[in-house]
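Participant: Quick one: sequence plus predicted model below, questions after.
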Amino acid sequence: MSKKRIPLFVASLIVVTALIGVRIWWINAHRIETPVQSFPMNQEIKLDGAFLDDISEDTNGYSLVVKKAQIMSANEYLQRYSRDDVKSVEGGDTPNTRVVLEVEFRNSGSTGVFNIISSWVTGKPSRNTYYRTDTELWEHRETKIGGNYAAVSIKDGTTYTTFIPFYMLTNPPFLSPYKEKASTYATINEKEFDYLIATKPQQMRVNVHV
C-alpha cells in the first residue's frame, strides 16, 4: 500500500467503525423489551391469551395453579403417578433426577390449547440450568396423549390436575436425538426454580420451590 493511500484507508476505516457504532446504538435504542411477570405457587394465573410458541394456542379462558414441587427418581414418579402397568424403567432408581410439578389447569371458556410440552423449568438463582419436559415419563401418567406432543386441552368449564416431570441430561449429544444411552440424567441439587408458562406478549414465570 502506497503512502498516499494510507490516510484514505484510515479515514474509510473510521467511517465504517462509526457506522457500526451508530447501528448498534440504533438497535439497542429501538429494541422491544418483553415484559416479565412472576407469580408465586398456589396462586391462580390467568393466561389471557399469552402463549409459549404460537398465538394460535388461544389460551383465553385458561388458567393454572402450581400446587406443589417435588424432586424424585423416575421410578418414584411411576410408582406414585403411573396409570398404566409400568412401575419402573431401566436406570430409574437413580435418586433426584426429576423435578415434578403438580399443576391444576382450569378452562373457563377457551376452545384453544395449552402448550405443556414446550414449557420448561430453570434452576435459580443463576438460571443456567434448563430442565425439559420428560414426555416419555409423563405419558405413563397421561396415557391418552399417545405421543401427541404439540399441546393439550381440557373440557370447557372443568379443571384438571396433572404431575409434570422435568429432567436435564449430563453430556447431552450434539446434533442427535436428545435422549441417548450415552447420556445420563443429571442429579438435581437446586431447591428453587422458575416454571416458564408463556413467552409472548409477556413472559410469565412461576416461582417454584421444593
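Facilitator: Done, it's in.

Participant: So in the protein, where's the weakest helix or strand by average pLDDT?
Facilitator: Within the chain, no helix or strand scores below helix 5-30, which has a mean of 53 by mean pLDDT, DSSP states H and E.

Participant: For the following helix or strand past that one, which outside residues touch it?
Facilitator: Per DSSP states H and E, the first helix or strand lying C-terminal to helix 5-30 is strand 36-40. Contact partners of strand 36-40, identified using CB atoms under 8 Å, 6 or more residues apart in numbering, comprise 45, 194, 202-207. Yep, even glycine has a C-beta here, placed from its N, CA and C like the rest.

Participant: Okay, helices next: where are they in this structure?
Facilitator: 5-30, 74-81, 135-138 (DSSP state H).

Participant: which of the residues in stretch 47-56 are buried?
Facilitator: Within stretch 47-56, the residues that qualify as buried are 47, 49-52, counting by 16 or more other CB atoms under 10 Å.

Participant: Quick one, grab the pLDDT at residue 100.
Facilitator: On pLDDT, residue 100 comes in at 98.

Participant: I'd like the buried residues of stretch 47-56 written out as CSV, with distance to residue 141 and pLDDT added.
Facilitator: Compiled in CSV, those are given as follows (distance: CB to CB, whole Å; pLDDT from 0 to 100):
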residue, distance to residue 141, pLDDT
47, 22, 94
49, 28, 92
50, 25, 93
51, 24, 93
52, 20, 91
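
Participant: of all those, which two lie farthest apart?
Facilitator: When these are compared pair by pair using CB to CB, the two farthest from each other are 49 and 52, 12.0 Å apart.

Participant: ok so, going back, in TSV, list the contacts of strand 36-40 along with neighbour count, distance to residue 37 and pLDDT.
Facilitator: As requested, the contacts of strand 36-40 are exported to TSV (neighbours: other CB atoms under 10 Å; distance: CB to CB, whole Å; pLDDT from 0 to 100):
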residue	neighbour count	distance to residue 37	pLDDT
45	20	9	97
194	19	11	96
202	12	6	93
203	17	7	94
204	23	5	96
205	19	7	96
206	25	10	97
207	15	11	97
